[in-house]
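Trainee: Okay, here's the prediction I keep looking at, along with the sequence it came from:
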Amino acid sequence: MAMKIKEKFNLGGSVKEVDEVKGWIAKRPFDSSLDISKAKKLLSTDFYSLDENLRYMVV
């Protein structure tokens, strides 16, 4: 996600990837993505993809 934002906004610099979370004090899941299937069904709508949302932000 960070790479896509960097590309869309023509930002310089590097993006650091975190490959190990074992040493962190607070316990966090490796995958904390959100499942929106229930909201899509309940609202009978489709949400924009990350690329579409970024395109609207760049306008």
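Mentor: That came through, no problem.
Trainee: Look up phi and psi at residue 26.
Mentor: The phi and psi torsions at residue 26 (degrees, to the nearest 10) take the values phi -80, psi 130.
Trainee: residues making contact with the lengthiest helix in the chain?
Mentor: If you go by DSSP state H, the chain has its longest helix at helix 50-58. Applying Cβ atoms under 8 Å, 6 or more residues apart in numbering, the contact partners of helix 50-58 are 1, 4-5, 8-9, 48. (Each C-beta comes from the backbone N, C-alpha and C, glycine too.)
Trainee: Report the mean confidence score over that helix.
Mentor: In this model, helix 50-58 has an average pLDDT of 87.
Trainee: Check which residues of it are buried.
Mentor: The neighbour-count check on helix 50-58 (16 or more other Cβ atoms under 10 Å) flags residue 54 as buried.
Trainee: Could you give the separation of it from the chain centroid?
Mentor: What separates the centre of helix 50-58 from the centre of its chain is 12 Å, taken as Cα atoms, centre = their mean, to the nearest Å.
Trainee: same deal with stretch 17-28?
Mentor: Counting by Cα atoms, centre = their mean, stretch 17-28 comes out at 18 Å from the chain centroid.
Trainee: With stretch 47-59 instead?
Mentor: On Cα atoms, centre = their mean, the centre of stretch 47-59 falls 12 Å from that of its chain.
Trainee: Could you do stretch 45-59 as well?
Mentor: How far stretch 45-59 lies from its chain's middle: 12 Å, per Cα atoms, centre = their mean.
Trainee: switch to numbering from 40
Mentor: Sure thing, new numbering starts at 40, so read that last one as stretch 84-98.
Trainee: Extract the C-alpha trace of it and format it as PDB.
Mentor: Extracted C-alpha coordinates of stretch 84-98, given in PDB (Å, rounded to 0.1, in the frame of the first residue of the first chain):
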ATOM      1  CA  THR A  84     -22.900  -1.700  -2.800                       C
ATOM      2  CA  ASP A  85     -19.400  -2.300  -4.000                       C
ATOM      3  CA  PHE A  86     -16.500  -0.300  -2.600                       C
ATOM      4  CA  TYR A  87     -13.700   1.300  -4.600                       C
ATOM      5  CA  SER A  88     -10.400  -0.500  -4.800                       C
ATOM      6  CA  LEU A  89      -7.200   1.100  -3.400                       C
ATOM      7  CA  ASP A  90      -6.200   2.100  -6.900                       C
ATOM      8  CA  GLU A  91      -9.500   3.800  -7.600                       C
ATOM      9  CA  ASN A  92      -9.500   5.600  -4.200                       C
ATOM     10  CA  LEU A  93      -5.900   6.900  -4.900                       C
ATOM     11  CA  ARG A  94      -6.900   8.100  -8.300                       C
ATOM     12  CA  TYR A  95      -9.700  10.200  -6.800                       C
ATOM     13  CA  MET A  96      -7.300  11.600  -4.300                       C
ATOM     14  CA  VAL A  97      -4.800  12.700  -6.900                       C
ATOM     15  CA  VAL A  98      -7.300  14.600  -9.000                       C
END
